[in-house]
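**Q** kindly return the folded structure for what I paste below:
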Amino acid sequence: MTDEILTVAEAYAADKFAESAGVRSLALMENAGRSVADEIARRMEACRAVVLCGPGNNGGDGYVVARNLQERGFDVLTASLAPREALTGDAAEMAARWTGETTLLTMRAIEGADIVVDALFGAGLSRPLEGMAKDVALTLNGSEMPVVAVDVPSGLHGDLGRSPAEDGVCLGADLTVTFFRKKPAHVLMPGRLSCGEVVVADIGIPDAAAARATLFENTPSLWGRHFPWPQPESHKYARGHCIAVSGPAHATGAARLAARGALRVGAGLVSVASPLEAVSVNAAQLTAVMVKPFAGASGLTGLLKDRRFNAVAIGPGCGVGKATQELVGAVLASGTAVVLDADALTSFELTPATLFAQLREPCVLTPHAGEFERIFPGLLGKSPNRIEAARVAAKTAKCTVLLKGPDTVIAGADGRAAVNTNAPPWLATAGAGDVLSGMTAGLLAQGMQSFEAACAAAWLHGEAANVHGLGLIAEDLPEALPAALRNLKERLEDERSAHSSGS
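**A** Sure, this is the predicted structure:
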């Protein structure tokens, strides 16, 4: 698997692993700089390039980039933040190998450039940009100058996904070339926006250096082998029966969206469990989805005694209060797989420990940031990033947590986490989260484990939105799922074919 994401410390450890395996650190730096030059040369003809070199190893990479670009016919200037004689280690060696034009970094140095290579600071920068580095970053951010970043754009902390300071400046890049594996900054907002296109280059670090990774970019490679494709001998009863719990008569649409998502993602049967007052409303709107009447928590308990109902989505449109708390309790006590969303979470805002005491696997919580704050108060603010917040939440809740957003994070109780990166901005529309909760429950009904089901649902949710395009509303998402599923199947088949050819 190459979707592992490494923290800054893990990336440093990977470098050391490579060295212990016989790969010299100078070779890693040479490979890194050459990879950046290769990506630039693929995209543009030889032109005037200014390479900004910092005082550490990121700057050493920059001198390698400069040498390789010059060999490809580029007119190259290196602009160094520190005198070359002040450099040490591998960076000093690579600076000594550069025999082209060089100067100290000033605003004048970037004048007349056709492209700027940012090799000032790498992912481990623990302080905000200042002085000339900050001035240059602000100038480039206000221009249309193409910028290629080495490892991460300068000013962007590799783990935080932002500047180390709230008001800090990050240089915006059009292309970022990183090495071996991505870092959190490449997938988390707002850092992901500063990176532009991200290319991961192979610089000779053995794959075994990432063998213990617990953080991943959410792609089908992570969960595709567990996806419940229909089999020739299967039938609807073998593909699970998912329940979406409806709210009162005036708030039934959310449950129907969830039900439609569960049906489209492949659950064999789907029903809306409807309060008696809402049965006629739901029945008038549903066809392939069935309606199952119930009265209160005791009625829902009785309904779920039918063991054929093996997954439940509850929360969307249910209302906030004690009645929903009791419904959630009934669902969790039933032993079915459960997705808790929206009002099912907010109803426990004053007593989250009461909810946590009832949670167990298989269960997925799907809060957006506001709902997350209600049941895990203060956790987002005191965590270094959304990944760690979701991980702590999953450990506290003893189940899978899907923290929604433009950089949705899925965290399992076992410490695994994944960041979803394929969701387009037009997915931020009313009701989209209800469809996601239903999709997750639909995959649980088909036998996927909670972490994998949440990851698969999040990716397919983004893929469906991409398939539809601009103008998306929540009702469009289930209808776009067939195309998204076809794309998923083709992608997995291509990956298997490539793997077979490679072996």
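**Q** Arg42: neighbouring residues, count only.
**A** Neighbourhood size, Arg42 [other Cβ atoms under 10 Å]: 8. For the C-beta atoms, the positions are set from N, CA and C on the backbone; glycine is no exception.
**Q** how about the one 5 residues further on?
**A** Here the neighbour count serves as a burial measure; for Cys47 (other Cβ under 10 Å) it reads 15.
**Q** now do the one 4 residues further on
**A** One way to gauge burial is a neighbour count; for Val51, by other Cβ under 10 Å, it gives 36.
**Q** cool, and Pro232?
**A** If you count neighbours by other Cβ under 10 Å, Pro232 ends up with 4.
**Q** that one and Lys489: what is the separation?
**A** 15 Å (Cβ to Cβ, to the nearest Å).
**Q** likewise Leu470?
**A** 25 Å.
**Q** of those two, which one has the most company?
**A** Ranked by neighbour count (other Cβ under 10 Å), Leu470 and Lys489 place Lys489 first, with 14 against 8.
**Q** just for the stretch 101-250 of the chain, where's the confidence low?
**A** Of all residues in the stretch 101-250 of the chain, none has pLDDT under 70.
**Q** show me where it has its helices.
**A** With helices called from DSSP state H, counting those that start in this stretch, the stretch 101-250 of the chain shows them at 131-141, 191-195, 220-223.
**Q** the last one: how far from the chain's middle?
**A** For helix 220-223, the separation from the chain centroid amounts to 13 Å (computed by Cα atoms, centre = their mean, to the nearest Å).
**Q** pull out the buried positions in that helix.
**A** Buried residues in helix 220-223, counting neighbours by 16 or more other Cβ atoms under 10 Å, are found at 220, 222-223.
**Q** got it, and stretch 390-404?
**A** For stretch 390-404, the neighbour count (16+ other Cβ under 10 Å) marks 390-394, 396-397, 399-404 as buried.
**Q** now swap in stretch 416-431 and tell me
**A** 416-423, 427, 429, 431.
**Q** outside of that stretch itself, list whatever touches it.
**A** 5, 184, 187-188, 192, 214-218, 222, 253-254, 257, 387, 390-391, 406-411, 451, 455, 458-459, 461-463, 465-466, 469-475 (Cβ atoms under 8 Å, 6 or more residues apart in numbering).
**Q** what is the burial count for the closest residue in space to Ala13 that isn't next to it in sequence?
**A** Distances taken as Cβ to Cβ, 6 or more residues apart in numbering put Ala209 closest to Ala13, at 7.4 Å, once the chain neighbours are dropped. Using other Cβ under 10 Å, Ala209 has 22 neighbouring residues.
**Q** leaving out chain neighbours, which residue sits closest to Val228?
**A** Quick fix: residue 228 is Pro, not Val. Nearest to Pro228 is Gln446, by Cβ to Cβ, 6+ apart, at 3.9 Å.
**Q** now the nearest residue to Pro190 once chain neighbours are set aside: how far from Cys195?
**A** For Pro190, ignoring the flanking residues on the chain, the nearest one in space by Cβ to Cβ, 6+ apart is Arg162 at 5.9 Å. Arg162 is 12 Å from Cys195, where distance means Cβ to Cβ.
**Q** same check on Asn422?
**A** Distance of Asn422 to Cys195, computed by Cβ to Cβ: 15 Å.
**Q** next: Glu10.
**A** Taken as Cβ to Cβ, the span from Glu10 to Cys195 is 18 Å.
**Q** distance to Thr78 for the buried residues of helix 220-223 - can I get that in a markdown table?
**A** Output for the buried residues of helix 220-223, formatted as a markdown table (distance: Cβ to Cβ, whole Å):
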| residue | distance to Thr78 |
| --- | --- |
| Pro220 | 41 |
| Leu222 | 40 |
| Trp223 | 44 |
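**Q** surely Thr178 touches Val152?
**A** Yes. The criterion here is Cβ atoms under 8 Å, and Thr178 meets it with Val152 at 6.9 Å.
**Q** joint contacts of these two?
**A** Residues touching both Thr178 and Val152 (Cβ under 8 Å, 6+ apart): His186.
**Q** out of the two, which sits in the more crowded spot?
**A** Val152 (31 against 27).
**Q** pretty sure that one is touching Gly158, no?
**A** Yes. Between Val152 and Gly158 there is a contact under Cβ under 8 Å: 5.6 Å.
**Q** spell out which residues are contacts of both of Arg162 and Cys195.
**A** 156, 185.
**Q** who has more neighbours, the two?
**A** Between Arg162 and Cys195, Cys195 has the larger neighbour count (other Cβ under 10 Å), namely 25 against 19.
**Q** packing partners of the longest helix along the chain?
**A** Ranked by residue count under DSSP state H, the longest helix found in the chain is helix 476-502. Applying 3 or more Cβ pairs under 8 Å, 6 or more residues apart in numbering; DSSP states H and E, we find helix 476-502 packed against helix 220-223, helix 253-264, helix 432-445, helix 450-468.
**Q** same thing but at 6 Å, please
**A** In terms of contacts (3 or more Cβ pairs under 6 Å, 6 or more residues apart in numbering; DSSP states H and E), helix 476-502 is packed against helix 220-223, helix 253-264, helix 450-468.
**Q** what comes into contact with the first one?
**A** Residues external to helix 220-223 that are found in contact with it (Cβ atoms under 6 Å, 6 or more residues apart in numbering): 1, 3, 216, 452, 455-456, 488, 491-492.
**Q** could you rerun that using 7 Å?
**A** With contact meaning Cβ atoms under 7 Å, 6 or more residues apart in numbering, helix 220-223 is reached by 1, 3, 216, 418, 452, 455-456, 459, 488, 491-492, 495.
**Q** for Met1, give me the pLDDT.
**A** pLDDT, Met1: 53.
**Q** can I get the helix or strand harbouring Ser280 in CSV, CA atoms only?
**A** Ser280 is part of helix 279-285, with elements assigned from DSSP states H and E. Taking Å, rounded to 0.1, in the frame of the first residue of the first chain, the C-alpha atoms of helix 279-285 are listed here in CSV:
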residue,chain,number,x,y,z
VAL,A,279,-46.5,6.9,8.4
SER,A,280,-48.8,8.5,5.8
VAL,A,281,-46.2,11.2,4.9
ASN,A,282,-43.4,8.6,4.5
ALA,A,283,-45.6,6.1,2.6
ALA,A,284,-46.6,8.7,0.1
GLN,A,285,-43.0,9.4,-0.8
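**Q** check which element follows it along the chain.
**A** Proceeding N to C from helix 279-285, the next assigned helix or strand is strand 290-294, under DSSP H and E.
**Q** out of the helices of the stretch 101-250 of the chain, deepest packed?
**A** Of all those, helix 191-195 has the most neighbours on average by mean count of other Cβ atoms under 10 Å, namely a mean of 22.
**Q** and that helix, what does it pack onto?
**A** Counting contacts by 3 or more Cβ pairs under 7 Å, 6 or more residues apart in numbering; DSSP states H and E, helix 191-195 packs against no other helix or strand.
**Q** could you dump that helix to CSV, C-alpha only?
**A** Extracted in CSV, the C-alpha atoms of helix 191-195 (Å, rounded to 0.1, in the frame of the first residue of the first chain):
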residue,chain,number,x,y,z
GLY,A,191,-2.6,23.2,4.2
ARG,A,192,-3.9,21.1,1.3
LEU,A,193,-4.9,24.3,-0.5
SER,A,194,-1.3,25.7,-0.1
CYS,A,195,0.2,22.6,-1.7
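**Q** what about Thr219, neighbour count?
**A** Around Thr219 there are 19 other residues, counting by other Cβ under 10 Å.
**Q** that concludes my questions; thank you for your assistance.
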